[in-house]
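>>> mind folding the following:
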Amino acid sequence: MENLSPYIVAPAVGWLVAQGLKYVIMSFKGRKLKSVRQLYLSGSMPSAHSATTVSLLVVIALRDGIESSIFGLALLFTAVVMYDAVMVRRSSGEQGQALTELIKEKLSKVRLPRVAKGHTPIEVVGGALVGLVVGVSISSILL
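Residues are numbered from 1 along each chain as shown. This next block holds a predicted model:
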């Protein structure tokens, strides 16, 4: 495992774990297994974006230290991604849903837009926790 970079493995595993958990959670909520398509859709619990960026941030913190310039860059990157998930993407998703409802209500011939949902704050926190666990785990495994 010496040839594996924790800087690459942690974000990949963070994304896979978050998307897998999302699939399991959505399946339990619906009381049936959803399609495999649920594995790569945006929105829902936990945020895969947060899990991915936080896992990388944690590996950098543990490997390079929180005083390093790369940690500062990763912290800023993570903050922007998490802010975007809650504020920008969530807002645009709500607007897309409102437009969809208006188009349907007016029986318009306008094609319905694809609505990509953002995240609630708790979904982002859930993703951050997944990222924390994955980052610490991968950093420990790939010494």
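
>>> how far away from the center of its chain is the helix or strand bottoming out on mean pLDDT in the chain?
When the helices and strands of the chain are scored by mean pLDDT, DSSP states H and E, helix 89-105 comes last with a mean of 77. The chain centroid and the centroid of helix 89-105 are separated by 21 Å, computed with C-alpha atoms, centre = their mean, to the nearest Å.

>>> list the buried residues for it?
89-90, 93, 96 (16 or more other C-beta atoms under 10 Å). To be clear about C-beta, it is placed using only N, CA and C from the backbone, and glycine gets the same treatment.

>>> contact partners for the residue positioned nearest the centre of the chain?
What sits nearest the mean C-alpha location of the chain, by C-alpha atoms, centre = their mean, is A48, with 2.0 Å. For A48, the contact set (C-beta atoms under 8 Å, 6 or more residues apart in numbering) comprises 14-15, 18-19, 22, 127.

>>> and if you look at I25?
44-45.

>>> begin at 887, not 1, for the rest of this chat.
In the new count, where the first residue is 887, that last one comes out as I911.

>>> can you give me the helices in this protein?
Using DSSP state H, the helices assigned to the chain run over residues 892-916, 934-950, 955-969, 975-991, 1007-1027.

>>> which of those sits most buried?
Highest mean neighbour count among these (mean count of other C-beta atoms under 10 Å): helix 934-950, with a mean of 25.

>>> what is the orientation angle of that one with helix 975-991?
170 degrees (axes from the mean of the first three to the mean of the last three C-alpha atoms, to 10 degrees).

>>> just to revisit the earlier point, columns distance to V996 on top of the buried residues of helix 975-991, output as CSV?
Shown next, in CSV, are the buried residues of helix 975-991 (distance: C-beta to C-beta, whole Å):
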residue, distance to V996
R975, 23
R976, 23
G979, 18
G982, 13
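
>>> re earlier: can you flag the weakest of the helices of the chain by average pLDDT?
The weakest mean pLDDT among the helices of the chain belongs to helix 975-991, with a mean of 77.

>>> now for the contacts of A934: which two are most distant?
G900 and K908 (12.4 Å; C-beta to C-beta).
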